[in-house]
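> can't give you the sequence, but here's the structure:
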């Protein structure tokens, strides 16, 4: 019993570190919303371990102190109303607490700002992605080329999604063909991309770096190759990149005309 309680306390006290053990299999979150998801995951494990410690403690207590010591029937507790009420109320309280925190965190993660700093229209298609920054007034579109089986792995060009750190970024998801799913493992959640049913979510990235995004919904022949590169940079670096892309795309459109 004491060992179980100490294990739960240790897990709770170390829950704020970035150690793989305390993340319980989750990758290191790079967004505010991802940290909320991780906190809910850790809390669920702590609650589960606490309940398990109590249950196993009661089982061991019954085995040790109520083992058979003869043919005499021990006192029975059937139809004991206080115990039966306790059996009913305690699980109800546990479920209610878990439901409250789950609903609260889901509402926080699903909330959308009226005026995000950056808005990106994301289109998933067989089998790549396009990222349109026009809703933010940047006039930049990054379109990924479909996987080419004739090219070696190191010659494939993944579409680039670049976003600023510590700013609210909103994604509007759509698909012209089949169901896809927008997933960056370090976000700790994903969103389906459904034809005819636009989806939305927003994040606040908390650290810079380069990450790999995936389609996590089986969508056809090259589903496993439907990847993209996510680059989180400082706001100044983001503005520089936007300016560079605007110049490149303006030059490219001018040369084609």
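Right, received. Where do you want to start? Computed from a predicted model, the values in this text were never measured in an experiment.

> quick one: contacts for residue 165?
205-208, 232-235 (C-beta atoms under 8 Å, 6 or more residues apart in numbering). Glycine gets a C-beta too; all of them are placed from N, C-alpha and C.

> Please, where are all the strands along the protein?
Counting by DSSP state E, the chain has these strands, from start to end: 118-125, 128-132, 141-143, 160-164, 168-174, 180-183, 190-193, 199-204, 209-215, 227-233.

> relative orientation of the last one and strand 199-204 in degrees?
Note on geometry: by axes from the mean of the first three to the mean of the last three C-alpha atoms, to 10 degrees, strand 227-233 and strand 199-204 are set 40 degrees apart in direction.

> Then the fifth one?
Using the same axes, to 10 degrees, the inter-axis angle of strand 168-174 relative to strand 199-204 is 160 degrees.

> So in that sheet, which strands flank strand 168-174, and in what orientation?
strand 118-125 (parallel), strand 199-204 (antiparallel) (DSSP bridges).

> returning to that earlier point: any of the contacts of residue 165 buried? List them.
Those of the contacts of residue 165 that meet the buried threshold are 205, 232-233, by 16 or more other C-beta atoms under 10 Å.

> Was I right to think residue 164 contacts residue 233?
Yes: contact status for residue 164 versus residue 233: in contact at 6.4 Å, counting by C-beta atoms under 8 Å.

> what touches both of these two?
Counting by C-beta under 8 Å, 6+ apart, nothing touches both residue 164 and residue 233.

> what about stretch 40-54, distance to the chain center?
20 Å (C-alpha atoms, centre = their mean, to the nearest Å).

> Hmm, I typed the wrong one, I wanted stretch 71-91.
With C-alpha atoms, centre = their mean, you get 42 Å for stretch 71-91.

> And for stretch 77-95?
36 Å.

> Not counting it itself, show me its contacts.
Contacts of stretch 77-95 (C-beta under 8 Å, 6+ apart): 47, 51.

> Looking at the strands paired with strand 168-174, which is nearest to residue 243?
strand 118-125 (14.4 Å; C-beta to C-beta).

> how does this structure divide into domains?
Domain assignment for the chain, taken from automatic domain parsing, gives 2-68+75-110, 118-256.

> Worst mean pLDDT among those?
Sorting these by mean pLDDT places domain 2-68+75-110 lowest, at a mean of 79.

> any idea which helix is longest in this protein?
Ranked by residue count, the top helix of the chain under DSSP state H comes out as helix 32-65.
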